[in-house]
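Peer 1: sequence and computational prediction follow.
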Amino acid sequence: MVEVEGSDSYLIRPNHQHKFKPTIVKEYIHEILRERLSGVLYDPESVPELTRSLAEAVKDKVKNAGFDKYKLIVQVIIGEQRGQGVKMSSKCLWDADTDNYAADVFMNESLFCLVAVFGSYYY
Amino acid sequence: MDDYLTDEQTVFDVDDVNKIIKDTLETVIGENSYKHSRVNQWSTNVVEQCLLRLSKLGKPYKYIVNCFIMQKNGAGQQTATSYFWDNSSDGSCMVKWEKDSMYVQVSVFGLAI
């Protein structure tokens, strides 16, 4: 006797319209960063709030783009530009058919900002 | 049916993951100082080894491992993460590791299947 949890669909693969599209998400990230960070200088007092609100803004925008059955993780890193070396790398153990990520970098003279969005399909 | 997952297996164990990350960092980077030519290799190795050890835990989770290495030269840095997931089964673990010449931050996100 098989018991099934109450869910409204048995889709184990998203259909094409609802698939996480990295190019579109990257566009969103790029727009938000350009809008909110152009001309901004690194200020240790205001940066924590700025990173938090950027993460929320990107998450909301991607959520509203229609990737319904996706769990999202948005990571934002803002650092001061002082000529230091920086490296960020990621590796994921997931279902390559359904899951994907998008990332973008914004730089101006006083700061750099890295945003990475990971989308994982919820079966 | 008895082979459905029980509750113990669908909780993200932060302590275990924390230990895995710290061990991996000690093994891969250890006491080395920041060297631009080796950073690529370090960050790839850290991420790969963390993922291998996480997959050995055998839990029904998808993992995302992120490694951020920054040279210390007086610059400031802030990270923020925002998630849209299931709080009861998913979790994250972030480890900040500071050395004299560099600053390493590893984040692991676990999403239940």
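Peer 2: That came in fine, so what should we check first?
Peer 1: which residues touch residue 14?
Peer 2: Reading this off chain A. A:20, A:69, A:70, A:98, A:121 (CB atoms under 8 Å, 6 or more residues apart in numbering or on different chains). For the C-beta atoms, the positions are set from N, CA and C on the backbone; glycine is no exception.
Peer 1: nope, chain B
Peer 2: Counted by CB under 8 Å, 6+ apart, residue B:14 has contacts B:91, B:93.
Peer 1: for residue A:74, see how far away it is.
Peer 2: 20 Å (CB to CB, to the nearest Å).
Peer 1: sorry, back to before: export the contacts of residue A:14 to a markdown table and tack on secondary structure?
Peer 2: A markdown table is the format used below for the contacts of residue A:14 (DSSP: H, G, I helix; E, B strand; the rest coil):
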| residue | secondary structure |
| --- | --- |
| A:20 | coil |
| A:69 | coil |
| A:70 | strand |
| A:98 | coil |
| A:121 | strand |
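Peer 1: return the closest of the residues you listed with respect to chain B.
Peer 2: Using CB to the nearest CB, residue A:70 comes nearest to chain B of those, at 8.1 Å.
Peer 1: excluding chain neighbours, what is closest to that closest one?
Peer 2: Nearest residue to residue A:70, sequence neighbours excluded (CB to CB, 6 or more residues apart in numbering or on different chains): residue A:119, at 4.4 Å.
Peer 1: okay, now the sheet partners of the helix or strand in which that neighbour is found, with direction.
Peer 2: Residue A:119 is located in strand A:111-121, with elements delineated by DSSP states H and E. Paired strands of strand A:111-121, with direction, are strand A:70-80 (antiparallel), strand A:100-107 (antiparallel) (DSSP bridges).
Peer 1: contact partners of the last one?
Peer 2: The one in question is strand A:100-107. Residues from elsewhere that reach strand A:100-107, judged by CB under 8 Å, 6+ apart: A:19-23, A:25-26, A:29-30, A:33-34, A:37, A:81, A:90, A:92, A:112-119, B:64.
Peer 1: buried only: go through those residues for me.
Peer 2: Burial by neighbour count, 16 or more other CB atoms under 10 Å in any protein chain shown: within the contacts of strand A:100-107 this picks out A:19-21, A:25-26, A:29, A:33, A:37, A:90, A:92, A:112-119, B:64.
Peer 1: which other residues reach the longest helix seen in chain B?
Peer 2: Determined from DSSP state H, the single longest helix within chain B is helix B:36-56. Helix B:36-56 is contacted from outside by A:85, A:87-93, B:17, B:20-21, B:23-25, B:27-29, B:32, B:61, B:63, B:65-67, B:69, B:71, B:104, B:106, B:108, B:110, using CB under 8 Å, 6+ apart.
Peer 1: and it, what's buried?
Peer 2: Applying a neighbour-count criterion of 16+ other CB under 10 Å, the buried positions in helix B:36-56 are B:39, B:42, B:43, B:45, B:46, B:47, B:48, B:49, B:50, B:51, B:53, B:54.
Peer 1: now stretch B:13-22
Peer 2: Residues of stretch B:13-22 classed as buried: B:13, B:17, B:20, B:21 (neighbour count, 16+ other CB under 10 Å).
Peer 1: secondary structure class for residue A:89?
Peer 2: strand.
Peer 1: what distance do you get for it to residue A:24?
Peer 2: In terms of CB to CB, residue A:89 sits 24 Å off from residue A:24.
Peer 1: neighbour count for those two, which is higher?
Peer 2: residue A:89 (18 against 14; other CB atoms under 10 Å in any protein chain shown).
Peer 1: can I assume that one is in contact with residue B:67?
Peer 2: Yes: contact criterion CB atoms under 8 Å: residue A:89 and residue B:67 qualify, at 5.3 Å.
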